[in-house]
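*Asks:* Predicted model follows, preceded by the sequence.
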Amino acid sequence: MKNPLCWVILTGVAFLLIQQGLPVYSQGDSQSDNKVMDNITVRQGETVFLSCSQGDVVTHSAWLNRSSIMYAGEDKWSVDPRVSLVTLNQDEFTIKIENVDMTDEGQYICAVQTRSRATTTSVHVIVQVPPKITSLSKDIVVNEGSNVSLVCSASGKPDPSVSWKIISPAAQSLTSEDEFLEIPSVSRQRAGTYECTAMNDVATDVQTVELTVNYAPTVSDGKDVGVTLGQQGVLQCEADAVPPADFEWYRDDRRIFNGFDGIEIEDSGALSKLTFFNVSEGDYGNYTCVAINKLGSANTSVVLFEVIEPTSSTLLQGPGAVQDGNSASRAGHTSTCLLVLLALQLLLKF
């Protein structure tokens with residue numbers, strides 16, 4: 001067959017017959033040889049080489065894919081720029097496909113024509129695709145006690161496995177070997193960063209979701225503070241809450257505002273400070289701190305009490321200035337005896 005185009009057309013017909021399972025015969029009515037090579041597995045984005053053996057008396061050869069002729073000898077029939085000829089000689093006929101994609105998966109046939117018979121070699125290309133998380137729950141904010149459902153879906157080939165785990169705080173132990181992670185009646189301890197992992201034989205894809213759990217304030221017990229008159233005193237109040245609490249200070253039923261009577265209120269995160277720069281008699285007493293957010297409130301009481309400094313006279317007398325009752329009694333008896341002796345001496349003179 002001297003006309004290459006006619007031979008290519010015949011090769012295409014042969015390919016169709018092969019797909020239908022029918023026998024193929026050459027010009028000399030000799031049955032063709034049909035060989036099947038092992039599957040070729042390639043990852044998406046990589047390059048695949050397709051090669052078949054030639055012979056000394058080959059007249060024509062071609063590579064075909066599932067629907068069209070790719071190469072007929074040295075002539076490229078494919079319009080795909082990723083396809084190119086690597087080797088064509090008496091020993092082998094090799095082409096390559098770069099940047100392989102899912103559309104390249106399927107059967108490929110190398111057809112070789114000699115003077116006496118036609119030989120076809122088929123190979124199936126399997127394209128593996130790295131996993132990709134295609135649908136993921138967004139960061140979520142819920143109130144304590146709510147039911148939480150996190151969803152993570154992924155695509156890939158082979159089909160990826162999907163799993164969930166909490167990664168922050170690390171002390172928590174919460175996992176799921178499924179696309180869904182259900183957390184019934186969520187507590188504040190379950191707040192944190194959750195990680196979805198999609199994995200197959202090719203690679204791994206990881207993404208995270210932040211779970212925030214709102215809850216009402218809880219306030220630490222206040223510590224009473226003793227301050228000397230005229231000195232600086234600081235009362236503190238600490239609250240645990242999400243969202244963070246706002247603080248209010250009260251003296252009896254009267255709310256205290258910043259700058260009121262020389263008092264400063266400073267809030268920093270979970271801590272509030274009430275500062276007296278020059279404590280007066282009227283400042284001593286009981287104070288109430290109230291922590292408030294949209295879910296509730298909590299309070300604690302703190303006492304500012306007076307600390308009396310030792311006087312200078314007490315410091316000068318030292319330890320000897322303090323005597324017990326027996327010592328005082330003995331001193332009194334001694335004084336009485338001395339007075340009696342002096343009186344007797346005076347009477348004897350007269």
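*Replies:* On my side now, so go ahead. Since the model is a prediction, treat every value here as computed from it, not as a measurement.

*Asks:* quick one: E179 and S153 touch, right?
*Replies:* Yes: under the criterion of Cβ atoms under 8 Å, E179 makes contact with S153 at 5.7 Å. Placement of C-beta: from N, CA and C, glycine included.

*Asks:* Mutual contacts of those two, please.
*Replies:* Taking Cβ atoms under 8 Å, 6 or more residues apart in numbering as the criterion, E179 and S153 both touch V162.

*Asks:* Just give me the neighbour total for I256.
*Replies:* 16 (other Cβ atoms under 10 Å).

*Asks:* Please, which helix or strand holds the residue lying closest to it once chain neighbours are set aside?
*Replies:* Computed as Cβ to Cβ, 6 or more residues apart in numbering, the closest residue to I256 that is not its neighbour in sequence is W249, at 4.4 Å. Element membership for W249 (DSSP states H and E) is strand 246-251.

*Asks:* buried sites along that strand?
*Replies:* Across strand 246-251, burial judged by 16 or more other Cβ atoms under 10 Å covers D246, F247, E248, W249, R251.

*Asks:* now the third one, nearest residue through space, not along the chain?
*Replies:* What it means is E248. That would be V290: by Cβ to Cβ, 6+ apart, it lies 4.5 Å from E248.

*Asks:* Tell me where the model's unsure across the stretch 251-350 of the chain.
*Replies:* Scanning the stretch 251-350 of the chain for pLDDT under 70 picks out the ranges 311-350.

*Asks:* where do the helices sit along it?
*Replies:* 312-317, 325-349 (DSSP state H, counting those that start in this stretch).

*Asks:* Burial check on T103, number of neighbours?
*Replies:* Using other Cβ under 10 Å, T103 is surrounded by 9 other residues.

*Asks:* pLDDT score assigned to it?
*Replies:* pLDDT for T103: 93.

*Asks:* can you check the one 4 residues further on too?
*Replies:* What the model reports as pLDDT for Q107 is 95.

*Asks:* so who does it touch?
*Replies:* N65, R66, S122, V123, H124, V125.

*Asks:* Please settle this for me: is the fifth one part of a helix?
*Replies:* No: for H124, which was evaluated using DSSP: H, G, I helix; E, B strand; the rest coil, the result is strand, with no helix membership.

*Asks:* State the distance from it to T87.
*Replies:* 21 Å (Cβ to Cβ, to the nearest Å).

*Asks:* thinking again about what came up before, got a quick ChimeraX command for the buried subset of the contacts of Q107?
*Replies:* With 16+ other Cβ under 10 Å as the burial test, the buried ones among the contacts of Q107 are selected in ChimeraX as follows:
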select :65,122,123,125
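
*Asks:* So among the contacts of Q107, where is pLDDT lowest?
*Replies:* Lowest pLDDT among the contacts of Q107: R66, with 82.

*Asks:* I'd like to know how far that one sits from Q207.
*Replies:* For R66, the distance to Q207 - Cβ to Cβ - is 35 Å.

*Asks:* Same check on Q189?
*Replies:* If you measure Q189 against Q207 using Cβ to Cβ, the figure is 23 Å.

*Asks:* What segments of the stretch 1-150 of the chain are helices?
*Replies:* 4-19.

*Asks:* Please enumerate the strands of it.
*Replies:* 33-36, 40-43, 48-53, 58-64, 69-72, 75-76, 83-88, 92-97, 106-114, 118-136, 140-143, 148-157 (DSSP state E, counting those that start in this stretch).
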